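Colleague: I would like to see how this sequence folds:
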Amino acid sequence: MNQLVNFLKRMPLSALFGLVVILLNLGVFCLAPAIAPFGETEVVGDVWLPMSTIHLLGTDHIGRDMFTRIVYGARNTIGVALLITFIAFFSGTILGLAAATMKGWVDQVLGRIVDIVMAFPPLIFALMVLSVMGSSTTVLVVVLSLLDCTRVFRLVRAVAMDVEVMPYVEAARLRGEGFWWVMRREILPNTMPPLIAEFGMRFCFVFLFISALSFLGLGFQPPAADWGSMVRENAGAITFGIPAALWPASVIALLTIGVNLVVDWLLNLQSKSAH
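Modeller: The predicted structure is shown next:
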């Protein structure tokens with residue numbers, strides 16, 4: 001406990017603020033049904049009601065409670081973004097380590113496949129696939145995991161290439177250790193610091209990408225709560241001076257800033273330890 005307190009004291013205020021934002025969002029993500037005062041799709045009042053003790057953030061374009069929608073939107077948007085990021089990191093890390101360790105035709109084949117996927121602009125590729133195959137959550141997860149996996153692959157391969165030529169890796173091979181042992185016990189642990197920082201950046205990219213697709217109508221489909229679609233649905237309220245669209249836009253910006261502040265701090269720690 002004392003170590004945790006000392007660790008938090010050493011954190012700069014910016015990183016501490018980012019950590020608090022992340023923990024608050026994770027808390028809402030885990031406890032959404034307990035926190036939300038109404039049901040996710042329940043119509044509870046008139047259209048675009050002002051803030052009150054009953055409706056803390058007012059109501060949306062069809063009379064649903066905005067606070068409730070934002071709470072459930074956290075569960076949907078953050079949950080899917082985390083799932084996509086974990087899938088992309090798992091597959092990208094395995095393939096990147098395999099390419100760096102095995103080299104030869106494995107590296108060439110994987111590298112060319114990644115080059116082909118990365119040749120398409122991500123938004124255009126996602127819009128094209130989602131328009132053809134539909135905007136279900138499964139398709140969304142598969143498409144964004146594929147797009148993000150290529151970026152993780154390139155990073156892991158580049159970092160692992162530097163680690164793979166180190167003396168301790170050569171010593172493990174000379175001892176007769178197998179491919180999987182070397183990859184798991186020697187290369188992977190020494191590539192973790194940049195990967196941890198990259199995980200935060202990839203999560204931000206996926207989170208914002210999902211919000212953008214939902215804003216365009218190709219992400220989460222009604223009546224599911226999602227911050228990006230909530231901005232689109234309530235954009236007309238801005239004309240009347242009603243801040244309904246600003247609440248989901250604000251939480252999108254706040255979570256993005258919070259994650260980036262923590263990632264910047266981790267990168268600074270990494271650069272200091274390297275020197």
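Colleague: which residues in the chain form helices?
Modeller: Secondary structure of the chain, counting by DSSP state H: helices at 2-10, 13-35, 66-102, 104-118, 122-133, 137-164, 167-174, 179-182, 192-215, 227-233, 246-274.
Colleague: Dump these to JSON lines, plus mean pLDDT, distance to Leu49 and mean neighbour count.
Modeller: In this view, the C-beta of every residue, glycine as well, is placed from N, C-alpha and C. Formatted as JSON lines, those follow (pLDDT from 0 to 100; distance: least, Cβ to Cβ, whole Å; neighbours: other Cβ atoms under 10 Å):
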{"stretch": "helix 2-10", "mean pLDDT": "69", "distance to Leu49": "40", "mean neighbour count": "9"}
{"stretch": "helix 13-35", "mean pLDDT": "92", "distance to Leu49": "20", "mean neighbour count": "15"}
{"stretch": "helix 66-102", "mean pLDDT": "92", "distance to Leu49": "9", "mean neighbour count": "22"}
{"stretch": "helix 104-118", "mean pLDDT": "90", "distance to Leu49": "46", "mean neighbour count": "13"}
{"stretch": "helix 122-133", "mean pLDDT": "87", "distance to Leu49": "33", "mean neighbour count": "15"}
{"stretch": "helix 137-164", "mean pLDDT": "90", "distance to Leu49": "30", "mean neighbour count": "20"}
{"stretch": "helix 167-174", "mean pLDDT": "78", "distance to Leu49": "63", "mean neighbour count": "13"}
{"stretch": "helix 179-182", "mean pLDDT": "75", "distance to Leu49": "59", "mean neighbour count": "14"}
{"stretch": "helix 192-215", "mean pLDDT": "88", "distance to Leu49": "23", "mean neighbour count": "20"}
{"stretch": "helix 227-233", "mean pLDDT": "92", "distance to Leu49": "15", "mean neighbour count": "24"}
{"stretch": "helix 246-274", "mean pLDDT": "85", "distance to Leu49": "13", "mean neighbour count": "17"}
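Colleague: Include distance to Val43 when you put those helices into TSV, please.
Modeller: Formatted as TSV, the helices of the chain follow (distance: least, Cβ to Cβ, whole Å):
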stretch	distance to Val43
helix 2-10	43
helix 13-35	18
helix 66-102	11
helix 104-118	42
helix 122-133	28
helix 137-164	24
helix 167-174	61
helix 179-182	55
helix 192-215	21
helix 227-233	14
helix 246-274	18
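Colleague: Which one of those helices lies nearest to Trp48?
Modeller: Comparison of the helices of the chain against Trp48 by Cβ to Cβ identifies helix 66-102 as nearest, at 9.2 Å.
Colleague: Next, the angle helix 167-174 makes with that closest one.
Modeller: Per axes from the mean of the first three to the mean of the last three Cα atoms, to 10 degrees, the angle that helix 66-102 makes with helix 167-174 is 60 degrees.
Colleague: Check which helices and strands helix 66-102 sits against.
Modeller: helix 13-35, helix 104-118, helix 137-164, helix 179-182, helix 192-215, helix 227-233, helix 246-274 (3 or more Cβ pairs under 8 Å, 6 or more residues apart in numbering; DSSP states H and E).
Colleague: How much space separates the residue nearest in space to the middle of the chain from Gln108?
Modeller: Nearest to the geometric centre of the chain sits Phe203, at 2.0 Å (Cα atoms, centre = their mean). Distance of Phe203 to Gln108, computed by Cβ to Cβ, to the nearest Å: 30 Å.
Colleague: again with Val143
Modeller: For Val143, the distance to Gln108 - Cβ to Cβ - is 25 Å.
Colleague: for Leu261, what are its contacts?
Modeller: Applying Cβ atoms under 8 Å, 6 or more residues apart in numbering, we find Leu261 in contact with 14-15, 17-18.
Colleague: Format those residues as JSON lines; extra columns: distance to Ala81.
Modeller: What follows is the contacts of Leu261, written out as JSON lines (distance: Cβ to Cβ, whole Å):
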{"residue": "Ser14", "distance to Ala81": "22"}
{"residue": "Ala15", "distance to Ala81": "21"}
{"residue": "Phe17", "distance to Ala81": "21"}
{"residue": "Gly18", "distance to Ala81": "16"}
